[in-house]
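Engineer: Fold the following and give me the result.
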Amino acid sequence: MSRDPTTDLIDRLATELPPVEPIPPLRLTFASLLGACLVLGALVLAVYQPKPGLWQSVVGDPIWSGVLLGLCLAIGGGLVASAASVVPGREGIVRGSLGTGAAGLALAVGVAVVGTPWAEGGIGGVSAADGVCILRAMAFALLPAVAILWAASR
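Structural biologist: Next up is the predicted model:
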């Protein structure tokens, strides 16, 4: 008695499957991505050696503090969303994290727009140093972006 060719194919596919690699726990993935961001932050501080009064200017200036808080929320939300997006059944965490990240980004942009003295120079008053700062920030964002894409691709 011959078997159905489809059944034979399914049996053969099931026996020749490689072992499934388990998905790492979400906490471990998040900790790894956060660690990569912290290493990058330490690298930035080591390379650019901030002014001695930087911490006082960040804490003492509500604009700096608001932008920093917003960016931290955006980074944290993005990290959690990217780590949770690869785990089945974590769609609620992904949506919540994306909302947190978007709210953080809105906070950072809103505080920067409201706190910037536009009347002093307008948008055309942005200096070349500001452009260099933006380019450096984008370049330093590449390492966390690669880490997030690597984690998501696994």
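
Engineer: Give me the helices and strands touching the strand or helix carrying Ser82, please.
Structural biologist: Counting by DSSP states H and E, the element that carries Ser82 is helix 62-84. Counting contacts by 3 or more Cβ pairs under 8 Å, 6 or more residues apart in numbering; DSSP states H and E, helix 62-84 is packed against helix 26-48, helix 54-60, helix 91-115, helix 142-153. C-beta coordinates here come from the backbone N, C-alpha and C atoms, glycine included.

Engineer: That one to helix 26-48, inter-axis angle?
Structural biologist: 140 degrees (axes from the mean of the first three to the mean of the last three Cα atoms, to 10 degrees).

Engineer: Show me which residues of helix 62-84 are buried.
Structural biologist: 64, 66-67, 70-71, 73-84 (16 or more other Cβ atoms under 10 Å).

Engineer: circling back: show me the one of the helices and strands packed on helix 62-84 that comes nearest Pro18.
Structural biologist: Set against Pro18 and scored by Cβ to Cβ, the helices and strands packed on helix 62-84 come closest in helix 142-153, at 17.5 Å.
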